[in-house]
Each structure stands twice: as structure tokens, then as C-alpha cells.
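Engineer: build the 3D model from these lines:
(3 chains)
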Amino acid sequence: MNQPRAAKLTWLLIAIVGALTVFPVLMLVLGSFSEGLTAFGVFTLDKYVDAYTDPALAEVMLNTVIFVIGASVLSTVLAVFLAYLNTRTDIPFKFLFGILSVIPMMIPHLLFSVSWALLLNPSNGLLNLGLKEVFGLEEAPLDIYSMWGMILVEGLLDMPIAYLIIAPAMASFDVALEESSRVSGASAWKTLFRITLPVLRPAILAAFILGIVRSLASFAVPSVIGMPGRVPVLATHLYEMIATGFATDYGKAAAVGMSVLAASVTLIVVYRALTAESEKFVTIAGRGFKTTVIELGAARMPLFALVGVLSFVLIVLPVAVLAYTSFMPYSMVPSARAFSMMTLKHWRDVLGDPISILALKNSLFLAVVGATLGVVLSVFVAYVIVKVKTRAAGILDSLSYLSFSFPGIVIGVGFMWFFVQTPLYSTIWALLLGYIATYLPYGIRPMSSAFVQIHSHLEESSLVCGASPLTTLKRIIVPLLIPGIVSGWILLASMFVRELTLSVVLSRPGTEVLAVQILRFSEDGLWGKLSALGIVMIAITTALVVLATWVGSRFKTA
Amino acid sequence: MKRLLVATFALCAALNATSQDKAQLEKARAEGKASFYANITAVEPIMKAFTADTGVKGEYTRISTTKFVATAITEFEAGKFMADVVQGPVPVLEILKQKGVLASYRSPAAKGYPDWATKDDQIMLFGIEYVGLIYNKERVKPADVPTRYEDLALPKWKDKIVMANPANHATTIAWLVALNENVFKDDAKWRGFLAGLAANKPMFVSSFGPTPAPIESGEKLIGISMPKYIVTKSPAPLDWARGAQPLMGTPRAIGISAKAPHPAAARAFVDYWLSAKSMGILAKDVGEYVLAPGVFPPIDGIDKAKVIPIRELSDEETQKWGAEFKKIFDVKK
Amino acid sequence: MEIRIRGVSKHYFSEGKTIKALDDVTLTIPARKIFTLLGPSGCGKTTLLRCIVGLEMPDTGEISIGDDVVWSRDKAISVPPEKRGLGMVFQTYAIWPHMTVFDNVGYPLQVRGAPRDEVRERVAKALDFVQLAGFEGRPATKLSGGQQQRVALARALVAEPRVILFDEPLSNLDAKLREETRKELRAFLEKLQITAVYVTHDRVEALALSDTIAVMRAGSIIEIGTPRKIYFDADHRFVADFIGRANLFKARVRGEQGGHTVVDCPLGTIACQRRDFPAGGEATLCLRPEFIHLVRGEAPAGHNIVNARIETLTFVGENYETEIRVGEELLLARVDADASIAVGDAVSFSLDPAHCLLVAA
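Structural biologist: Next up, the predicted model:
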């Protein structure tokens, strides 16, 4: 694409993405500087003074740093490990990895956290009871309600996203880079640490930073695990600010949120600087390229067992807990008596509830339409970010993260303050736009990985301006982009099915969505209904994922 | 003669009232629907009954307490407040009243409610979000069940209690303060109780909603929770600790929007809401404690309990006490 | 360092079918010579190379480099690639994008724990050798294809390997650069006097570079010999056909006459290079276009003289490529660029028996 055209496109996208992400944040900025409870009021700095002179803030910040870095390190390391095993070794049952990478994204984080509490709480956590029995211990050896518990659960929750970013990069990795290291005299381990991981640095860093941004905004784990463990982090600190009292001051919460935003944007800028050089390098997959499979030999089964345990922990366990809970009349530790009391009551209640059914329809609509629109926008944005690489492209990249990196409980209000000024307020379109704006990075990341692999052919064929024959687009670019499109669509759709933070503020009668319905059950402590609806939600997402994969594979062969 | 006169007068008044009711209902039907913003849960059966009985569609928007004021005021100031009727804790409605969101309305259906239920022209109280000690009746021996709040500070409950976080859960904060004002009436004793409770290292959750689950499952044995869960979570083995001390809670209130899109429907809805029928549904289905005369939730012994409304704290007070409780309960593991 | 390969086989399973990548290969690669494995894609040459390097494990057999057995099924020996002391240049060069030229080249020394000064000195020497002195600090991503290729060579050489292996190292270069690099490579290797194993599917490359060529097909070695032997005196029809452009005819052997083997073929009766084929047996006659010297006009019949007619004529720069018709057969031949000849012209040529190659049918 020629320069002026690329610049025009970049600015057009900046306008679109900016409109989507800047206004809510701008509202929050206004709110944080205004007296009163809305975005518009007399200018004041009191909210900042109040928020940042809170003596508790230092501890909260320290905890937050430990929590987000810990969780992000865990999720990235796990993702690298799994991606490596899947793409590079002869580990059996590879299909498991695909499932491992998607299912945990469909499980509402709240439920996932609760099921871990059920397992590892110090009073009667199943695992603790088992360990006490086996080792004859007096006290429960493990306590989920602690910093390590939070890191563990959040790390597991963020792992799938990291995996979806790292696995494609690893799959397209030129194996000769490793082989030449082996021939040069480096052992497999040395090769891994001196060649493989450094070459994959852009993807690994992207996953790590996304993890940090995600765990900064996360609320389920800090509230379900951190609160009982009395480990305050930023999310719970913000919640405390909002929840203590009735005249909730979101402006003040936004004032604290601003530092999170600043941190996230800084991280993204640093990330761009760190990867600017290496991302330019496109590993040429040579002709006759074939991925050699690393034979794990004796380690094959132990490693597979490890993956098995992970799958169990990430998929089987939470889903089993959900299924179990959905059949229990009330919260019970599994026992013969518990199983004898199983009932279909919650299922009947949920499936017979017209609001739940409406929520299901709305969520499905938002997932399908939202993910599709989101992917279309992501294609253009990723193109500019990866291929145009001007300063303006950098702005676009940072813009796309704007509302994504704002703490969830606050950004929803930002969107409300914004949409109430528009005729979209209280319609499903407000939800749709809000979703796309907030989760845009989930569409952009996989798409950029796909674009990195497309050489400069694209410049000439100029996808965007349609200046060249449509066939180039159809026969070359689309097939190359399909993996990115499919994983972007899957990420967005599964995100949208369980979206809560925006929905809880923007959903109104007629625009109920699944996650809000689930939250209501949780607020009322109705775990049974919550679990039944949660399973419905997982089933829907699974169907969408299967559909997307199927459509993707059809396009590829066409 | 005098008696007859009184009777005739009463009859006329009654007739007048019904004809007034009828006119209002006609108008409400013409308006089509009543939109209800509420933080109270599981009121769908009432909405259904309202629609069926009046022919006016009842539409329920649930807004959690933390987002209630922000949502209402944002919409109100943008001229998009869609609620006809709002329901929430008294402090929330007080804030809305100050902002001019509420209209005056005295419902005839409030007859028989205690005098204090009619707070002023705008706000009508109809229930109490009553808090009590809820325990697992399969795991706590009858002899061990507390009979006084003080018992909760006994060392035998160490690591066995669940409660909402006293540093930020507004209702819990107000309840703890009310405990001093209505039960202990002695600052030192009250602080002693708090210290004892803190020493028992209760598990903190974000609100009342998550309190019953750990009790049901046996993770904890007792909690500062709400007796209504005995109804909503039936057949869970929950029961409430009875005693001579009163049960306390923040009053639940209802009011009409000053800019109600459907004003007649709004009034019709409030009338319906305060009627014995819908309060009965609320008590029976959701276990709510309501102020309608003679209506009680189906919880054994609750009709004999003394349930009192507590003083609402201002936000400054809530925050002050929240910070104070945070210190008192800050027992590191 | 001599490489001995004994009875090496390797199977792949693909889509339910077993593919024999290597079929009982036995081969000795002589020391300090450039040895080329040549064959069409899928013939197993790369697999064999990778087995030597240790990037792939054969199913059976034994491989030794010098006196060390590096792989043996029976003795259960499997030396990992990093312990074999080899150097290799990959098809994609595999230059590590996150390192500078210095780090790329110095890597084999660094991972073996060589002292800093020694690394610096030997990297400088290696870069000097490949004529990239002064490029040390350059990021690997800022190199042209030819430069990458040289960095890859320097890296393969820097640790003074026992054997250096090349996996189609020129195939990613454009035609002109490829020719230059080929010459350079030949010069480098001659200077080094190192055992080199070279894999390619490009016959010109193989002929120009090698001391010895082994032609492979379907996992087996068909023929081994010097470039001249492979080109002029191939024993197998496949080899003769593969190594250069060739006109192939079915021939029936008449017998021996005057030190030549005489055959009947569509061109007539032709005296060929002597071969031990039984009289009456079938063989294939192989004529390379460059040995068909066309003369204008019809020639009187005689020994090894053939008359033909120009069918097509294509100008390719240094000469014309032409198809000439002899009876039912079309032959490929060359005509000098300045020859005044046109389509339809009658031509004739005389064949030197030394250039008439007979191979098994």
C-alpha cells in the first residue's frame, strides 16, 4: 500500500477505535476531576487527593504488583510449556491442548474461583481433607485464601489467552533455528533457553503483558479468594471504595484507575519498544519445511501425566463442580448422601425462566455479531499495527488497549456515562459497541501474529484498498489469515458470552445477558441455578467454537 | 344516628377510594407499563401477579446497591431516567430524594403499616433487611446454638464463622454499629465483643449473598447472615439462632420517580406492592421480613421475634466505621 | 574424517502409509573431500544428512564418524547432535534473529565454554574467512540473503568441526548470486581441506562443487562416482537422465564391434561406448544435447550418421535450443547462436561412440 493511503487508513482507524475506547475513559477522567457523582461537575482535585493519600494504598499496591506479576508469570510459563509440548513434541492426545486452551475461557471466573475454594479451603476443602487423611495431619496443609492461592487461580484463568498467543508463534517457528543450535554444540535445554525462547520473545512478552493487564482488571479472584484471605489488591480496594456507603463515588475510583491505566499504557509502550526489532524478522519457513517432532522418550508419559493433571484442574474439575452443584439442592461436600439428594430443580427453574432464556438469546446474538464485527475491525487494526508501523500505528495500538486495561468495575460506569449521552443507551447496541471496544485486543493479538507471517506480498495486493484483484485476497491473504481470524473470533465470542463487567451496568429489561443473570444468582447465593446456567453458557460457547473451527477449515481448503 | 353517620361516611370514603383506585388503574392501563428499578431480589412473582391482576405490564430492572445511585443519577441528569418506581435501602432513596429524583406519594395501601414506615412524603418503608445468626443445624448441636450475640465471641467459634466484610459491606457496618446502639448499649462491652469476634477470625465475603454457601457445605458453621436464606435455600440445613435480643436490619424503602414516564402506573404499582398480597409473596417466596400487618415469612419463630429497623448511617459514618472495623478485624493469619 | 554408514533404514508413517525414506543405505564418505548427495525431492538425501548430523534417528543400522560410532541400533548408541562435533549450513541458514553477527558466529564456541578472548579471535578469523570482517556488531535481521549464507558458513566453521554438512544452502539465493556463491564455496572448501557433505537437487551445483556425487532415489543410493563419471559414464538410466538433459531411446543390443557396443535404435544402428550387455538384450541409449553437432543439409548414410529435420527453434541466449525430428522421435539439440538455420531445414549429425552412453533399460 502506498504511503498516503496507509496514513489515511491509520487515521480512520484511530478515529473509529478512538471513538470506541476514548470516550468512556474520557468520561471517567472528567468524573475523577468533578465534584458530585457523575461525569460533569465543578472541577476538583479532591478525589485524587483522597484516593492517593489513603494510607492503605501502599500495601494494596505492593500486593497488586506481586499478584499480577505472579499470575502473569504463571500463566505465561504454563502457556509456553503447553504450547511447546503441543507444537514441538510427540506428546500423545494433542487434541487435548485445543480443548485446554479454550474451555477455561468459557467458565465464568467467579465459578472457577468458587470451585477452587471448594477444593482448597482450609476448613473442608476436598484436597485438604484428602491430604490430612493421607498424611495424618492435624491442620489443613493448604490454604487457598492467600496470595499464592490468588496467583494460582488467576494464573490458570489467564493461561488460555497466553496459550492462544504463544502457540501459533511456536507452530510457525523455523525449526532450523533450533537444529542449528544443536549442531553448534548446545544441548536441548541450552537451545530452549538461548534460542527458542528468545526468538519467541515478542509472543511471550505479548502474552505476559496481556496477562498483567488482565489480572489488574480481574475482580472474581480478588473477591472470592483475596477477600476471605484478607489480601487486598487494587480491584478489591476499588470495590471497597465503591461499596462502602451508598453514594458510590466512581469518580474517586476512576482516579485510582488512572494509575492502572498509566501502568498499562506504559507496559504496552515498553513492549512495543522491546519487540520492535525482532517482530520485523519474519522467520522464513523454507521450501520443503517440515516441523521435526522432538521425541520425548522416557519423559513422554510423565509429561503427559502433567498435562493430564492440568487438564483435570482446568477443565474437568470446574466443569464437574459446576455439574455437581447444578444437581445439588444446596451447597454440599460430595458424599453418598449428597448424591442421593440430587435434583433437577435448578435446571427446571433456569430453563423455565423467561428472563434466562432471553438472556441466552441476547448473549448468543452479541457473541456472534459482536465477534464478527470485532474481527473485521481487528483485521484492519492489526494490519496497520504490524505492517504500517508508523508513529500513528503505535497510537492505534495503545488506543486499542485503553478501555481494556481499565479496571473492570470502573470502566462499566465510564461506558454508562458515555452511552447515556447517546440514543444507544439501554439498547443492545450499547452492549455490542462496549464489548467490541473493551475486548478489541483479544481480536487484534491473534490477527497480528497472523499478519507477521504474511510477507510484503500484502503491500502490493493491498488488502484494504481493494486496488488489486480480489483473487489475490481470496487465494493468498485470506487463507493465511484464517488461523488468526478463527482464534480471534473464538476469543471474542467466548469472551462476549460470559462478559459481565459492562453488561452489569448496561443491561436493562429486554437486554439481559447470561453473565448478568449468573451474577444475580450469585448475589442471591443460588449456586445451583448459577451452575446450571453456567453449563448452558459453556455449551453455547463450545458450539460457537466448534462452528468457528469448522467454518475456518472449510475456508482453508476452498 | 351518629353511628350511622360515621358508617355512611366511612362507606362513602371507601367507595370514593375504590372509584379513585379504578380511575387510577384505567390511567395506568392506558400508560401500559410500570418500570421498577430495585435492588431487592427474586421479585419476578410479584411482577407477574401485578401484570395479571392489573393489566399493566410490570418491568423489573435489578440494579445492585453499589451501582444504584450512580445509575439512577446518571440517567436522571441525562434526562433518561426510565424508572417509574424505585426501591432500595433507605439511604439510597434519601440520596435520590435530595437530588430531586423522587415524587411525593402516600399510598392508601400503607394502611396498617407501623407509623414509622411512612418516613415522609416521598419514601415509604415496607420491609427490613433483617440480619441474624444463621447456622448449620446438622453440625451445630442445639445446646451450642448461640442465644445471644455475645456468644459469637466465644473461642469455640474460632475459624467457624462467615460474615460479609465489615470494612466495606455497608449493611454489615450499620448492623455492627446498631448492635451497640440497640443491644449492648455500652461501648466497652461492644468493643470487647468485636475483639472477640475478630479473634475468631471470621471468613470475609463480599456481601450477604455468599454467606450461606459455606454454612450449608460445612466449611463454616455459623454466619452473620440473613434468615431469609432459610426459605430461599431450602432444603439446606439452615436455621437461625433465636434469643431474647432483637433482630435488626436496614429498612427497605420504595418511592416514585419525579419524572416517571408512567405516573399513574407508578402509583398503581406502589399500591400493589404494599398490598398484603404482594407482601405475602415477598415473605413466602423470598423470606423477606415485611411491614404489612400480620404477614410473616414462613420461618419458624420469626413471627414472635422482635425485628427492629436500625439507624441509617451517613456515607461519612459508614466509611469511618468501615475503616475502624478494618483495624479491629485486621487479624493477620 | 571418514563417515561410514552401514545398513541404515528409516521409515515414516504418513496418512496410514509407510514411506521408506532410507532403504538399507550403506555408504562410505571419504575424508577431506566434498561429497554430494544428489537426487529429486523426496529421495531421502536430506533424511540421510539429518541422520548423520543426529537430528533424526534411523530405524536400523550404524553410522560412524571417524573412529566414533555415533549411532548404532545394535550397540544402542545414540550420540546427540551437540556431541558429534559437526558444522552445518541449513537451507534457511537459520540465522538467529535475536543475535548480532558476532553472537551468531561465536555461539558454537560460547556454548562449549570457550574463553572470551578465544571466541573473539576465532570469530574474527571465521568472519574474515567468509569476507565479512567488520560485520560483528550488525543485527542478524539486517543482513542480505548472501550475507546470511556466509554468516551461516562462518558459524558452521568456527568450531573447526570434523565434518561440515550443507543442506541445499544455495536454494534460497537468486540465480546470479547462487552461481557466485557456489564458486566461493568451492574455493573455501578447497582451502579448508575438510570433509564436506552436501545435499542438493541441483545437478549443476552437484557437478560444479563435488569431488564425489552419490545419486539417490526412493531412499536408496543408485550410483556413486566423480562428476565426470556420473555425467558421461552413468551406469543407470535414472542417473543419466537426472544428471543432465538427455535424449533417451530404447535400444536392442546387436553385439560388439571394434571396441564398441552396437545397438539398433530409432536413430538407426549406432556404435556406442562399450558395455557388457548380452547380444539381443534391451538397453537405453542416452545422447546429451551438447554432443549432437548439427550440420546443415542431408548427409550420405554412414556409421553413426543421422539425418533429421528442425522442428522447433528457441533462442536462449548463448545458443538455440532446438527439437529435431528423426522419424517418429524428437531429439533435443543445440545450435550455435550465429548459425543460419531455420525451422524445417534438413540437418544431419555424426555421433562419437564415446558420447553414446548405453545404460540398462
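Engineer: quick one, helices of the stretch 51-200 of chain A?
Structural biologist: Listed in chain order, the helices of the stretch 51-200 of chain A (DSSP state H, counting those that start in this stretch) span A:57-88, A:95-106, A:109-120, A:126-135, A:147-171, A:176-183, A:188-191, A:197-199.
Engineer: repeat that for the stretch 51-200 of chain B.
Structural biologist: Residue ranges of the helices in the stretch 51-200 of chain B, as given by DSSP H, counting those that start in this stretch, are B:65-77, B:90-98, B:170-178, B:187-199.
Engineer: pick out the residue nearest the middle of chain C.
Structural biologist: C:Ala206 (3.1 Å; CA atoms, centre = their mean).
Engineer: pLDDT score for residue 156?
Structural biologist: With no chain named, the answer covers chain A. The predicted structure scores A:Leu156 at 89 on the pLDDT scale.
Engineer: oops, wrong one, chain C.
Structural biologist: According to the predicted model, the pLDDT of C:Ala156 comes to 90.
Engineer: domain ranges for chain A, per the record?
Structural biologist: Domain assignment of chain A by automatic domain parsing yields the ranges A:1-17+A:344-558, A:46-296.
Engineer: which among those is found nearest to C:Glu118?
Structural biologist: Each of the domains of chain A was scored for nearness to C:Glu118 using CB to CB, and the closest is domain A:46-296 (14.5 Å). Any C-beta I mention is one placed from the backbone N, CA and C, and that applies to glycine too.
Engineer: straight-line length of that closest one, end to end?
Structural biologist: Between the opening and closing residues of domain A:46-296 there is a gap of 61 Å (CA to CA, to the nearest Å).
Engineer: next up, phi/psi of whichever residue of the stretch 251-361 of chain C sits closest to chain A, please.
Structural biologist: Scanning the stretch 251-361 of chain C for proximity to chain A using CB to the nearest CB identifies C:Val316 as nearest, at 25.4 Å. Torsion angles at C:Val316 (phi, psi; degrees, to the nearest 10) stand at phi -120, psi 20.
Engineer: any chance of the helices of the stretch 51-200 of chain A in a markdown table, plus distance to chain C?
Structural biologist: Putting those into a markdown table (distance: least, CB to the nearest CB, whole Å) gives the following:
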| stretch | distance to chain C |
| --- | --- |
| helix A:57-88 | 13 |
| helix A:95-106 | 17 |
| helix A:109-120 | 35 |
| helix A:126-135 | 40 |
| helix A:147-171 | 13 |
| helix A:176-183 | 4 |
| helix A:188-191 | 6 |
| helix A:197-199 | 5 |
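Engineer: picking up where we left off before, give me the element the residue nearest to the centre of chain C is part of.
Structural biologist: In this assignment (DSSP states H and E), C:Ala206 forms part of helix C:203-209.
Engineer: quick one: mean pLDDT for that helix?
Structural biologist: Here the mean pLDDT over helix C:203-209 is 91, rounded to a whole number.
Engineer: who does it touch, helix- and strand-wise?
Structural biologist: Taking 3 or more CB pairs under 8 Å, 6 or more residues apart in numbering or on different chains; DSSP states H and E as contact, the helices and strands that helix C:203-209 lies on are strand C:34-38, helix C:175-192, strand C:195-200, helix C:227-232, helix C:237-243.
Engineer: helix or strand right after it?
Structural biologist: Next element after helix C:203-209 (DSSP H and E): strand C:212-217.
Engineer: can I get that following strand in CSV, CA atoms only?
Structural biologist: The C-alpha atoms that make up strand C:212-217 are tabulated as CSV, following Å, rounded to 0.1, in the frame of the first residue of the first chain:
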residue,chain,number,x,y,z
THR,C,212,32.2,-37.3,-5.4
ILE,C,213,28.5,-37.5,-6.2
ALA,C,214,26.0,-40.0,-4.8
VAL,C,215,22.7,-40.1,-6.7
MET,C,216,19.8,-41.2,-4.7
ARG,C,217,16.3,-42.3,-5.5
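Engineer: and the helices in the stretch 201-333 of chain B?
Structural biologist: Assignment of helices within the stretch 201-333 of chain B using DSSP H, counting those that start in this stretch yields the ranges B:212-217, B:228-232, B:263-274, B:276-286, B:315-328.
Engineer: how distant is the first one from the center of its chain?
Structural biologist: On the basis of CA atoms, centre = their mean, to the nearest Å, helix B:212-217 sits 22 Å off its chain's mean C-alpha point.
Engineer: quick revisit: with distance to chain A and mean pLDDT as extra columns, can I get the helices of the stretch 51-200 of chain B in TSV?
Structural biologist: What follows is the helices of the stretch 51-200 of chain B, written out as TSV (distance: least, CB to the nearest CB, whole Å; pLDDT from 0 to 100):
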stretch	distance to chain A	mean pLDDT
helix B:65-77	5	85
helix B:90-98	4	90
helix B:170-178	6	92
helix B:187-199	11	94
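Engineer: so which of those is nearest chain C?
Structural biologist: In this view, the helices of the stretch 51-200 of chain B are compared for proximity to chain C by CB to the nearest CB, and helix B:65-77 is the closest at 47.8 Å.
Engineer: ok, back up a step: worst mean pLDDT among the helices of the stretch 51-200 of chain A?
Structural biologist: Of all these, helix A:95-106 has the smallest average pLDDT, which comes to a mean of 74.
Engineer: what residues of it count as buried?
Structural biologist: A:96-97, A:100-106 (16 or more other CB atoms under 10 Å in any protein chain shown).
Engineer: over to stretch C:344-360?
Structural biologist: If you call a residue buried by 16+ other CB under 10 Å, then stretch C:344-360 has these buried ones: C:345, C:347-349, C:351, C:353, C:355-359.
Engineer: now intersect those residues with the strands, please.
Structural biologist: Secondary structure assignment (DSSP state E) places C:347-349, C:357-359 from the buried residues of stretch C:344-360 within strands.
Engineer: nearest to C:Cys51, of the residues you listed?
Structural biologist: Relative to C:Cys51, the closest of these is C:Val359; by CB to CB it sits at 29.3 Å.
Engineer: C:Phe242 is in contact with the closest one, correct?
Structural biologist: No - proximity of C:Val359 to C:Phe242 does not meet the contact threshold set by CB atoms under 8 Å, at 11.5 Å.
Engineer: nearest spatial neighbour of the residue most central in space within chain A, skipping sequence neighbours?
Structural biologist: Nearest to the geometric centre of chain A sits A:Ile161, at 5.4 Å (CA atoms, centre = their mean). Distances taken as CB to CB, 6 or more residues apart in numbering or on different chains put A:Leu210 closest to A:Ile161, at 5.9 Å, once the chain neighbours are dropped.
Engineer: just the pLDDT at that neighbour, thanks.
Structural biologist: What the model reports for A:Leu210 is a pLDDT of 82.
Engineer: in what helix or strand does it lie?
Structural biologist: With DSSP H and E as criterion, A:Leu210 is part of helix A:201-217.
Engineer: which other helices and strands contact that helix?
Structural biologist: Packed next to helix A:201-217, using 3+ CB pairs under 8 Å, 6+ apart, are helix A:57-88, helix A:147-171, helix A:234-243, helix A:250-280, helix A:428-452.
Engineer: who in chain C is up against chain A?
Structural biologist: Counting by CB under 8 Å from any CB of the partner chain, the positions of chain C adjacent to chain A are C:41, C:46, C:53-57, C:80-88, C:90-94, C:96-98, C:107-108, C:111-112, C:139-141, C:152, C:155-156, C:159, C:165, C:171-172.
Engineer: nearest to C:Pro227, out of the helices and strands packed on helix A:201-217?
Structural biologist: Of all those, it is helix A:57-88 that lies closest to C:Pro227, at 39.4 Å by CB to CB.
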